[in-house]
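Student: okay, structure incoming, though there's no sequence with it:
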Ligand code: CP
Ligand code: NVA
């Protein structure tokens, strides 16, 4: 694996296979093995945005692998008062063995990675959320036993960090990806260009025909709160509700990276239905991120 995980573009097919294999093993053996590849290592966790799943699963995962997780609120760091990202990277590289970072600007994370001598893991930027998407691929693999040719329909904001990550993941995994979104929040055409297996469809009911999975995400991502009213208006026909699910196959499964804003992008009825596997998906963040950390730090793998 490369030094850093900044987006799915950093992951090869071989890395993905290793992540799946190790995630399954660590999931099965949780609490029953003494695999400690982070023993004696301290991993910084810089967060500029809110988090429940990512923070907790990384802290617990680092601890379970024998390491020390150090949580840092980006707003309380000197980088918020004018210290450069590059100097921050140089200093942190002298104390820590790796950094997990959730922030706004993807360019800042790229600069941090370029200047740091230690691995940098992107825990969500405005542009990408690779730890979530690798977890989603693992969850689909657990349920379907394959990724190639699986039809996944992503419904809603087609221009956010999750949609961008799915486009790259579709390229890596051979998914048949349809992004159902209005023109205003259409998927990034430049990102889509290299992937003929990614299609943009305005009509959500048409998009979900024969879908194996329907995926959605919040309409207002972190950092875009001032656009909330406009987004609710433009995206209201893209709600994942029982009517939309009925337009897909009876076996379709529902995924959501969470947090869900129930009653907005997804209804209670769908979230709580037997088709929904969102909490298995959330659990897998822990197992998959442990596998990613192991691959970055255990040079024997
Ligand atoms: N899915 C996800 O990243 O959740 P959090 O924002 O709670 O970390
Ligand atoms: N698109 C969402 C994902 C949250 C995990 C956001 O950035 O807020």
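Tutor: Looks like it came in fine. Just so it is clear, the model here is predicted, and its values are computed rather than measured. Ligands and ions are numbered 1, 2, ... in the order given.

Student: ligand 2 contacts on the stretch 201-301 of the chain?
Tutor: With the criterion set to C-beta under 6 Å from any ligand atom, the stretch 201-301 of the chain comes near ligand 2 through 217-218, 221-222, 257. C-beta here means a position set from N, CA and C on the backbone, and glycine is covered the same way.

Student: pull out the buried residues from those residues.
Tutor: For those, a neighbour count by 16 or more other C-beta atoms under 10 Å gives the buried set as 217-218, 221-222, 257.

Student: hmm, which two among the residues you listed are most spread apart?
Tutor: Greatest spacing in these, by C-beta to C-beta: 222 and 257 (12.1 Å).

Student: about what we covered before: of the residues of the stretch 201-301 of the chain next to ligand 2, closest to ligand 1?
Tutor: residue 257 (4.1 Å; C-beta to the nearest ligand atom).

Student: contact partners for that closest one?
Tutor: Under the criterion of C-beta atoms under 8 Å, 6 or more residues apart in numbering, the neighbours of residue 257 are 129, 132, 136, 162, 215, 217, 281.

Student: now, those residues that are in strands?
Tutor: Secondary structure assignment by DSSP state E places residue 215 of these in strands.

Student: just the buried subset of the contacts of residue 257, please.
Tutor: By the neighbour-count criterion of 16+ other C-beta under 10 Å, the contacts of residue 257 include these buried positions: 129, 132, 136, 162, 215, 217, 281.

Student: can you map out the strands along this structure?
Tutor: In the chain, strands defined by DSSP E lie at 42-47, 68-73, 98-102, 120-122, 151-155, 176-180, 198-201, 213-216, 253-256, listed in chain order.

Student: is any residue of the shortest one near ligand 2?
Tutor: Going back to what we said before, that points to strand 120-122. No - contact between strand 120-122 and ligand 2 is absent, the nearest approach being 12.1 Å (criterion: C-beta under 6 Å from any ligand atom).

Student: what is the rounded mean pLDDT of that strand?
Tutor: Model confidence over strand 120-122 averages 99 on the pLDDT scale.

Student: who does it touch, helix- and strand-wise?
Tutor: Where contact means 3 or more C-beta pairs under 8 Å, 6 or more residues apart in numbering; DSSP states H and E, strand 120-122 is packed against strand 98-102, helix 106-115, helix 130-144, helix 278-297.

Student: now do the shortest one: distance to the chain's middle.
Tutor: The one in question is strand 98-102. Distance of strand 98-102 from the chain centroid (C-alpha atoms, centre = their mean, to the nearest Å) equals 14 Å.

Student: up against ligand 2, what does the stretch 1-150 of the chain have?
Tutor: When proximity is defined by C-beta under 6 Å from any ligand atom, the stretch 1-150 of the chain lies next to ligand 2 at residue 124.

Student: so which residues on the stretch 1-150 of the chain come close to ligand 1?
Tutor: Where proximity means C-beta under 6 Å from any ligand atom, the interface of the stretch 1-150 of the chain facing ligand 1 comprises 51-54, 124, 132.

Student: 8 Å - rerun?
Tutor: Along the stretch 1-150 of the chain, the residues adjacent to ligand 1 under the rule C-beta under 8 Å from any ligand atom are 49-57, 102, 123-124, 129, 131-132.

Student: one step back: of the strands of the chain, which is nearest residue 32?
Tutor: Minimum separation from residue 32 across the strands of the chain (C-beta to C-beta) falls at strand 68-73, 21.5 Å.

Student: direction included, what does the closest one pair against?
Tutor: Pairing partners of strand 68-73, with direction, according to DSSP bridges: strand 42-47 (parallel).

Student: now do the strand it pairs with against strand 98-102, angle only.
Tutor: 10 degrees (axes from the mean of the first three to the mean of the last three C-alpha atoms, to 10 degrees).

Student: which parts of strand 42-47 are buried?
Tutor: By neighbour count, with 16+ other C-beta under 10 Å as the criterion, the buried positions of strand 42-47 are 43-47.
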